[in-house]
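A.B. asks: Got a predicted structure plus its sequence, pasted below:
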Amino acid sequence: MAESQTGDAARAATGAVDRRQVVGGAAILGVLVGLPLYAWQQVRDGADGGASDSEKLLLARLSDLVIPTTDTPGAVAVGVPAFVELALLHGLDETAPPVSGTVRMAGYRGGFSVLEQVARDLNRQAAGDFLSLRPDRQHAVLAAYDADAFGGERQDHPWKKLKALILTGYYTSEVGASRELQYELVPGRWEPDLPLPPNNRSWSSDWTAVDFG
């Protein structure tokens, strides 16, 4: 897949993202615990989203930059772009105002205005087409954009919402919840004080419980 090959080049130039550091950011999505299950079911059932070809490419590239493939499959490999596409269409995570009534008008695009704003912002910071940049430059532009989004006072920053959906899609997938995070169906006895080894993986049962601001 082209996105995967591009992601490999980006990691070679900038170093792979430490996904254990990203897990904390995923906690911003705690309010969505029940919604991802519905969205994943819709993805599996083949529900069609409303993204254009260029938007699909952007979603795939951003997903790969946020969670690339390392020792476990990355966001693109587990189908996160399709999840985010459907989530935006349905306005998850307050990406779109609620639809009045029970009927959606033709052409309804839900929260895709969030993706459109992210695309405009990235193109402006890139002084051109973000997707045409070299992988290392894409990584640098997105890193600066991310720092601005989470370091500022603006609570409704579009990248916060889009990144939240990427993280939700990944960490509620089977791979994210059981291979990237630790998972134990029936936990053992309670241990109040345990050593924390380097690069310890978080548990999929509690990754949404931390307040991230």
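C.D. replies: Everything's here; your move.

A.B. asks: what pLDDT does A119 get?
C.D. replies: Per-residue confidence at A119 stands at 96 (pLDDT).

A.B. asks: pretty sure it contacts E55?
C.D. replies: Yes. Between A119 and E55 a contact is recorded at 7.5 Å, counting by Cβ atoms under 8 Å. Yep, even glycine has a C-beta here, placed from its N, CA and C like the rest.

A.B. asks: what's the neighbour count on G128?
C.D. replies: 10 (other Cβ atoms under 10 Å).

A.B. asks: try S173
C.D. replies: Neighbour tally, S173, other Cβ under 10 Å: 22.

A.B. asks: again, but for A147
C.D. replies: Neighbours around A147, by other Cβ under 10 Å: 10.

A.B. asks: same deal with L62?
C.D. replies: 28.

A.B. asks: do the one 3 residues further on as well
C.D. replies: If you count neighbours by other Cβ under 10 Å, L65 ends up with 26.

A.B. asks: Also F150?
C.D. replies: Neighbour tally, F150, other Cβ under 10 Å: 16.

A.B. asks: Which strand or helix spans it?
C.D. replies: Using DSSP states H and E, F150 sits in helix 135-151.

A.B. asks: Quick check: buried residues in that helix?
C.D. replies: Within helix 135-151, the residues that count as buried by 16 or more other Cβ atoms under 10 Å are P135, Q138, H139, A140, V141, L142, Y145, D146, A149, F150.

A.B. asks: for stretch 57-71, same thing?
C.D. replies: Buried positions in stretch 57-71, judged by neighbour count with 16+ other Cβ under 10 Å: L58, L59, A60, R61, L62, S63, D64, L65, V66, I67, P68, T69.

A.B. asks: so which of those would you say is closest to V186?
C.D. replies: V186 lies nearest to I67 out of these, by Cβ to Cβ, at 28.1 Å.

A.B. asks: Please verify my assumption that the closest one contacts V80.
C.D. replies: Yes. Contact criterion Cβ under 8 Å: I67 and V80 qualify, at 7.4 Å.

A.B. asks: Now do the shared contacts for those two.
C.D. replies: I166, Y170 (Cβ atoms under 8 Å, 6 or more residues apart in numbering).

A.B. asks: Alpha carbons only: can I get stretch 143-151 in CSV?
C.D. replies: Listed in CSV are the C-alpha atoms of stretch 143-151, where the atom choice follows Å, rounded to 0.1, in the frame of the first residue of the first chain:
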residue,chain,number,x,y,z
ALA,A,143,4.1,17.9,14.5
ALA,A,144,4.0,21.7,14.5
TYR,A,145,0.3,21.7,13.8
ASP,A,146,-0.3,19.2,16.6
ALA,A,147,1.8,21.3,19.1
ASP,A,148,-0.2,24.3,18.2
ALA,A,149,-3.5,22.5,18.6
PHE,A,150,-2.8,21.0,22.0
GLY,A,151,-0.6,23.8,23.3
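
A.B. asks: Give the rounded mean pLDDT of it.
C.D. replies: 94.

A.B. asks: ok, and what's touching it?
C.D. replies: Contacts for stretch 143-151 (Cβ under 8 Å, 6+ apart): G25, D121, L122, Q125, H157, W159, K160, K163.
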